[in-house]
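Asks: fold the following, please.
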Amino acid sequence: MARGLRVQFEGALYHLVVRSNNRQPLFRDTQDRRHYLDLLSRYQDRYGFRVYCYLLINRQVHLLIETPKGNVSKVMQCLGTSYTSYFNRRHKRRGTLFEGRYKSYLVDNERYLPEVTRYIHRSYCQSRLNTNKQRDYPWSSYRVYLGRKTSDLVNTGPVLSRFGEVLKEQRKRYQEFVETGGFREGAGQSARYGEHYLASTQKIYFERQHIQVNRKEDPLRVAERILREVSLSLSLAPSEMGELRESRRKTLARHVAMYLIRKQTGLPLRSIGELVGVKAPAVALAIGKVEQLLKREDFSRKVRSLLENNTFPSPNTAKEYPDLEGAPTDGSPVA
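Replies: Now for the predicted structure:
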């Protein structure tokens with residue numbers, strides 16, 4: 001069965017939970033924890049997401065982040081891969097560190113942002129009797145909220161601003177909120193995130209995708225449909241997408257098709273390459289090129305139009321992007 005799509009859109013707010021594989025520790029010492037936070041900060045600079053809350057415990061990581069660029073999957077993929085590589089190298093081990101996919105929960109920013117930070121900060125010490133221990137725990141953003149620690153990583157403003165006008169009073173009221181209160185509507189998911197918000201947001205998200213992925217549909221069939229739609233948009237036969245001697249128009253079409261297949265299905269690079277007729281390194285390079293081009297507003301609009309309106313850049317579009325000429329088609333590296 002195909003995995004369900006991640007709900008990703010600009011400005012989305014997520015509570016992310018990462019767990020270790022086979023209940024092994026994610027962090028063996030202070031250096032490991034510092035390195036994880038350093039990576040989080042590094043990718044924050046690269047991908048432009050905002051961190052409102054974090055908690056590192058022995059076998060779990062909790063993050064509350066907002067993604068202005070709608071790129072949570074990319075963020076978590078890079079963070080997980082980089083940390084696993086570091087951890088395995090440092091501790092002379094091999095294999096998986098994290099347990100499958102991370103859990104992600106959409107959060108209603110307007111109604112539930114403070115409540116989710118409270119849930120995360122209290123996850124270390126479930127009992128109210130342990131509030132002193134909670135305040136002193138060094139691997140949580142709670143001390144940043146209380147003013148006991150400074151951090152360029154955590155943005156406390158959007159939460160604290162809801163607890164008064166003066167910073168000192170905000171911190172005091174937030175501390176009372178965390179240490180004495182319970183969740184509205186009970187302790188379940190609906191209390192933390194907003195049940196109606198979750199349902200309506202996910203419905204809108206999936207309805208807006210022109211190429212939708214049925215959760216039970218074979219991802220290979222979805223990939224073939226994407227390939228067909230992209231090729232038809234440029235009046236090409238799907239078989240032409242893998243030709244080695246090609247025009248810029250074919251290069252552009254194939255690159256965008258590979259990007260969309262990866263984005264919509266999560267298929268491995270090798271499987272995408274087999275569909276298109278290239279090797280996995282060429283797929284990775286093509287996807288990277290499209291990601292760079294998407295930073296250009298005009299190109300981004302044209303790619304979005306394929307998803308939203310079933311239109312695609314005209315054949316002349318390729319002339320606007322000469323850097324696509326000569327892109328590898330056989331898995332060879334870029335010169």
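Asks: where does residue 136 land on pLDDT?
Replies: On pLDDT, residue 136 comes in at 87.
Asks: what's the separation between it and residue 74?
Replies: 35 Å (CB to CB, to the nearest Å). Every C-beta, even on glycine, is put in place using the N, C-alpha and C of the backbone.
Asks: higher neighbour count, those two?
Replies: Neighbours were counted for residue 136 and for residue 74 using other CB atoms under 10 Å; residue 74 has more, 18 against 11.
Asks: quick check: the more buried one touching residue 48?
Replies: No. At 11.0 Å, residue 74 does not count as touching residue 48 under the criterion of CB atoms under 8 Å.
Asks: residue 144: what's it in contact with?
Replies: 150, 151, 154, 156 (CB atoms under 8 Å, 6 or more residues apart in numbering).
Asks: okay if I get those residues as CSV plus pLDDT and distance to residue 174?
Replies: Shown next, in CSV, are those (pLDDT from 0 to 100; distance: CB to CB, whole Å):
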residue, pLDDT, distance to residue 174
150, 92, 16
151, 92, 15
154, 97, 13
156, 96, 9
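Asks: between those residues, which has the most around it?
Replies: In terms of neighbours by other CB under 10 Å, these top out with residue 154 at 24 neighbours.
Asks: for that one, grab phi and psi.
Replies: Main-chain torsions, residue 154, degrees, to the nearest 10: phi -100, psi 130.
Asks: is it true that it touches residue 55?
Replies: No. Contact criterion CB under 8 Å: residue 154 and residue 55 do not qualify, at 11.3 Å.
Asks: what residues are shared contacts of these two?
Replies: In contact with both residue 154 and residue 55: residue 141, using CB under 8 Å, 6+ apart.
Asks: which two from the contacts of residue 144 end up farthest apart in space?
Replies: Greatest spatial distance among the contacts of residue 144 (CB to CB): 150 and 156, at 10.6 Å.
Asks: count the residues that sit near the closest residue to residue 143 other than its chain neighbours.
Replies: Distances taken as CB to CB, 6 or more residues apart in numbering place residue 149 nearest to residue 143, at 4.1 Å, with adjacent residues excluded. Residue 149 has 13 neighbours, counted by other CB under 10 Å.
Asks: now swap in residue 79 and tell me
Replies: 22.
Asks: what helix or strand is it on?
Replies: helix 72-90 (DSSP states H and E).
Asks: quick one: buried residues of that helix?
Replies: Applying a neighbour-count criterion of 16 or more other CB atoms under 10 Å, one finds 72-76, 78-80, 82-84, 86-87 buried in helix 72-90.
Asks: can I get those residues in JSON lines with distance to residue 271 and pLDDT?
Replies: As requested, the buried residues of helix 72-90 are arranged in JSON lines below (distance: CB to CB, whole Å; pLDDT from 0 to 100):
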{"residue": "72", "distance to residue 271": "23", "pLDDT": "92"}
{"residue": "73", "distance to residue 271": "18", "pLDDT": "90"}
{"residue": "74", "distance to residue 271": "19", "pLDDT": "91"}
{"residue": "75", "distance to residue 271": "23", "pLDDT": "94"}
{"residue": "76", "distance to residue 271": "21", "pLDDT": "94"}
{"residue": "78", "distance to residue 271": "21", "pLDDT": "93"}
{"residue": "79", "distance to residue 271": "24", "pLDDT": "96"}
{"residue": "80", "distance to residue 271": "21", "pLDDT": "94"}
{"residue": "82", "distance to residue 271": "24", "pLDDT": "95"}
{"residue": "83", "distance to residue 271": "26", "pLDDT": "96"}
{"residue": "84", "distance to residue 271": "22", "pLDDT": "96"}
{"residue": "86", "distance to residue 271": "28", "pLDDT": "96"}
{"residue": "87", "distance to residue 271": "28", "pLDDT": "97"}
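Asks: could you dump these to TSV with distance to residue 144?
Replies: Listed next are the buried residues of helix 72-90 as TSV, based on distance: CB to CB, whole Å:
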residue	distance to residue 144
72	22
73	26
74	26
75	20
76	22
78	24
79	20
80	24
82	23
83	21
84	26
86	24
87	25
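Asks: nearest to residue 162 among those?
Replies: Of all those, residue 162 sits closest to residue 72, with 23.7 Å by CB to CB.
Asks: quick one: residues contacting that closest one.
Replies: Residue 72 touches 6, 8, 12, 14, 16, 49, 65, 104, counting by CB under 8 Å, 6+ apart.
Asks: and the third one, how many neighbours?
Replies: What it means is residue 12. Residue 12 has 23 nearby residues by other CB under 10 Å.
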